[in-house]
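Peer 1: 3D model of this:
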Amino acid sequence: MTLKRVNTRYGHYYKLDGKNIDGVTTLIGNGLRKKALEAWGIKTVAEYVADHLEDVYAMRSMGRDAIVSALKQAPYSERDRAAKRGTEVHALAEQLARGEEVDVPSELAGHVEAYVRFLDEWNPVPVALERPVFSRKWWYAGTFDAVFELPDGRRVIADIKTSRSGIFPETALQLAAYRYSEFYLDEGGEEKPTADLNITHAFGIWVRADGYDVLPIQADEEQFNKFLHIAVGARWQKESRELIGAPIGPEDVA
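Peer 2: Numbers count the residues shown, from 1 in each chain. Predicted coordinates:
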């Protein structure tokens with residue numbers, strides 16, 4: 001048995017050798033406090049209220065709890081739209097990197113044009129695209145966007161980002177986890193040592209409707225070790241709910 005990525009309507013998860021295995025981005029998300037994301041959520045609700053005053057006023061007959069519940073959905077609606085855009089851009093980017101023709105939705109035309117410019121200007125040769133990676137030793141899995149070889153011989157692991165805010169520092173942890181994983185699955189589903197990809201550099205490719213930027217990412221062994229520490233914290237968060245027992249009485253104390 002080996003790694004299996006299971007896609008669902010809400011995302012995906014991984015199973016390794018028949019057992020659930022932690023995802024890289026889930027570990028990072030659960031192990032790090034994301035102050036920028038917290039601020040974004042608050043700002044999104046405030047902007048929704050400011051932009052939809054009449055709609056919010058019309059909610060008054062719903063009652064406080066229903067209004068609060070409705071407004072709480074504002075950040076998630078925006079997040080889901082951004083996630084959908086990112087998923088679609090990633091799929092198109094993979095096809096373009098393979099030299100395939102693509103049907104481009106009008107709302108993504110700018111993103112596709114930007115990525116085509118990246119391919120034309122950097123001339124990357126795909127080594128591996130959208131391949132799952134995993135570590136049995138550290139029990140995590142994920143999927144990298146691309147490993148490219150550049151004309152000067154550099155082997156780059158690249159992560160494509162489409163968020164309006166750009167590339168966040170935790171991308172270094174994400175790419176380090178992929179780079180220093182033990183294995184990846186090749187196109188035929190066979191386990192191969194990730195070290196055989198001979199990755200030397202890491203890039204974040206920020207693709208937007210108005211262009212792109214390539215940002216070097218420090219995804220070295222130091223960042224990998226920090227990822228492992230953050231993974232410990234993330235797993236503690238998951239396990240910590242079992243640390244507090246049910247209420248007891250005086251007669252229960254040994």
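Peer 1: How many neighbouring residues does Ser181 have?
Peer 2: For Ser181, the count of nearby residues is 24 (other C-beta atoms under 10 Å). (Glycine included, C-beta is placed from N, CA and C.)
Peer 1: so it is in which element?
Peer 2: Counting by DSSP states H and E, no helix or strand carries Ser181.
Peer 1: Also Leu96?
Peer 2: Going by DSSP H and E, Leu96 is part of helix 64-97.
Peer 1: continuing past that helix, what's the next helix or strand?
Peer 2: Following helix 64-97 toward the C-terminus (DSSP H and E): helix 109-122.
Peer 1: Residues contacting that following helix, please?
Peer 2: The contact list for helix 109-122 (C-beta atoms under 8 Å, 6 or more residues apart in numbering) reads 85, 89, 92-93, 96-97, 102, 104, 124, 148, 150, 160, 162, 205, 207-212, 214.
Peer 1: hmm, which of the residues you listed are the buried ones?
Peer 2: Among those, those buried by neighbour count (16 or more other C-beta atoms under 10 Å) are 85, 89, 92-93, 96-97, 104, 124, 148, 160, 162, 205, 207-208, 212.
Peer 1: distance between stretch 90-105 and the chain's centre?
Peer 2: 20 Å (C-alpha atoms, centre = their mean, to the nearest Å).
Peer 1: for that stretch, how far is the first residue from the last?
Peer 2: Taking C-alpha to C-alpha, to the nearest Å as the measure, stretch 90-105 stretches 13 Å from start to finish.
Peer 1: circling back to that earlier point, which other helices and strands does the helix holding Leu96 contact?
Peer 2: helix 35-51, helix 109-122, strand 125-135, strand 140-149, strand 155-161 (3 or more C-beta pairs under 8 Å, 6 or more residues apart in numbering; DSSP states H and E).
Peer 1: Output the below-cut-off pLDDT ranges for the stretch 1-150 of the chain.
Peer 2: For the stretch 1-150 of the chain, the stretches with pLDDT under 70 are 1, 36-37, 40, 75-80, 82-83.
Peer 1: coming back round to it: next, the angle strand 140-149 makes with the helix holding Leu96.
Peer 2: Helix 64-97 runs at 40 degrees relative to strand 140-149, counting by axes from the mean of the first three to the mean of the last three C-alpha atoms, to 10 degrees.
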